[in-house]
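*Asks:* sequence first, then the predicted structure:
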Amino acid sequence: MAQAFDISGVGLVNQQRAMDALAHNVANLNTPGFKRVEVRYTDILTRVPVESGGPFSVDRSIVEGAGVRTQTVSTVNEPGEYRATGHELDIAIDGEGFIELMGPSGEIFLTRGGRLKVNDYGQLTDQNGLVLRANVSVPFEAEALIINREGLVQAQLNEGDIHDIGEISLVKIASEEAVEVMDGGLYRVLKPTSLRTMAPGQDGGGTLMQGIVEQSNVDLNDEMVQMMIVQRAYSANAQMVQAADRLYELANNLRR
């Protein structure tokens with residue numbers, strides 16, 4: 001009966017983690033460039049029963065399961081739908097690349113685009129205020145910005161002249177384990193050596209699209225179905241705890 005508590009306890013914990021991941025997906029349904037998280041279950045290492053030392057030997061080929069654990073994997077290479085906005089500071093990437101951002105403490109973050117902004121210092125930033133690693137400075141007298149598919153950024157000044165003010169490059173990651181999923185469609189780089197810098201249009205990194213936003217790749221119908229499945233599994237584990245508790249109660253109330 002004690003094993004029933006162990007099994008159901010592991011199930012409750014992992015189903016709760018799965019529900020948290022699904023809720024995170026639903027909460028970011030409208031976050032530009034957000035990539036949904038998939039929940040995968042893996043077996044924990046099994047254990048072999050200990051020899052009893054009695055007259056009957058234990059079959060060492062029999063192993064006991066030690067439970068499962070959940071693993072969340074971001075689908076970073078599955079693009080979402082592209083929506084035209086016509087806004088000059090909205091950009092998206094047609095390909096597998098990412099735009100590099102600099103955190104306040106020097107960390108490297110990645111984004112799939114979204115709505116850019118110009119901060120008080122004239123620097124081009126993402127929607128969260130993180131400066132582009134390309135360090136593009138926009139003149140205060142600029143009336144419009146032009147970002148072509150190759151990443152060249154140009155500013156149209158008051159007098160109508162167009163000047164090159166910077167260039168945005170893209171990076172690709174070697175594996176999904178090299179980044180950590182953050183809120184707001186951001187990815188924090190855990191292994192900077194896994195990044196490969198390239199010009200837009202090279203090596204499958206993709207090209208930039210101005211006036212377009214990539215939607216999240218979350219399918220609300222799929223997420224709701226998965227939520228119902230996880231809820232049922234959670235309920236089944238909770239009922240197992242209740243059943244084991246009733247068996248313990250019966251055992252404790254036995255009289256000779």
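*Replies:* Everything's here; your move.
*Asks:* could you use CA atoms for every contact and neighbour count after this?
*Replies:* OK.
*Asks:* which ones are touching Thr31?
*Replies:* Thr31 makes contacts with Gly184, Gly185, Gln215, Ser216, as judged by CA atoms under 8 Å, 6 or more residues apart in numbering.
*Asks:* buried ones among the residues you listed?
*Replies:* Among the contacts of Thr31, those scoring as buried are Gly185, Gln215, Ser216 (criterion: 16 or more other CA atoms under 10 Å).
*Asks:* now intersect those residues with the helices, please.
*Replies:* Using DSSP state H, no member of those falls in helices.
*Asks:* just name the closest of the residues you listed to Arg196, please.
*Replies:* Among the buried ones among the contacts of Thr31, Gly185 lies closest to Arg196 (CA to CA), at 20.1 Å.
*Asks:* OK, contacts around the closest one?
*Replies:* Gly185 neighbours (CA under 8 Å, 6+ apart): Thr31, Pro32, Gly33, Phe34, Lys35, Thr111, Arg112.
*Asks:* what does Arg115 give?
*Replies:* Counted by CA under 8 Å, 6+ apart, Arg115 has contacts Leu89, Asp90, Ile91, Asp126, Gln127, Val213.
*Asks:* confidence-wise, which of these comes last?
*Replies:* Among the contacts of Arg115, Gln127 carries the weakest pLDDT, at 87.
*Asks:* and stretch 82-100, which residues are buried?
*Replies:* 82, 88-100.
*Asks:* farthest pair in these?
*Replies:* The span of these, defined through CA to CA, is set by Glu88 and Glu96 at 21.8 Å.
*Asks:* show me where the stretch 151-256 of the chain has strands.
*Replies:* With strands called from DSSP state E, counting those that start in this stretch, the stretch 151-256 of the chain shows them at 152-156, 162-167, 170-173, 179-181, 187-189, 195-198, 207-210, 212-214.
*Asks:* lowest average pLDDT across the ones you listed?
*Replies:* With a mean of 83, strand 179-181 has the lowest mean pLDDT of those.
*Asks:* residues in contact with that one: which ones?
*Replies:* Ser74, Tyr187, Arg188, Val189, Leu190, Lys191.
*Asks:* on the pLDDT front, check Arg255 for me.
*Replies:* Arg255 is given a pLDDT of 63.
*Asks:* count of residues packed around the residue nearest to Met182 when sequence neighbours are not counted?
*Replies:* Of all residues not flanking Met182 in the chain, Arg188 sits nearest, at 6.8 Å (CA to CA, 6 or more residues apart in numbering). Using other CA atoms under 10 Å, Arg188 has 20 neighbouring residues.
*Asks:* now swap in Ile146 and tell me
*Replies:* Ile146 has 19 neighbours, counted by other CA under 10 Å.
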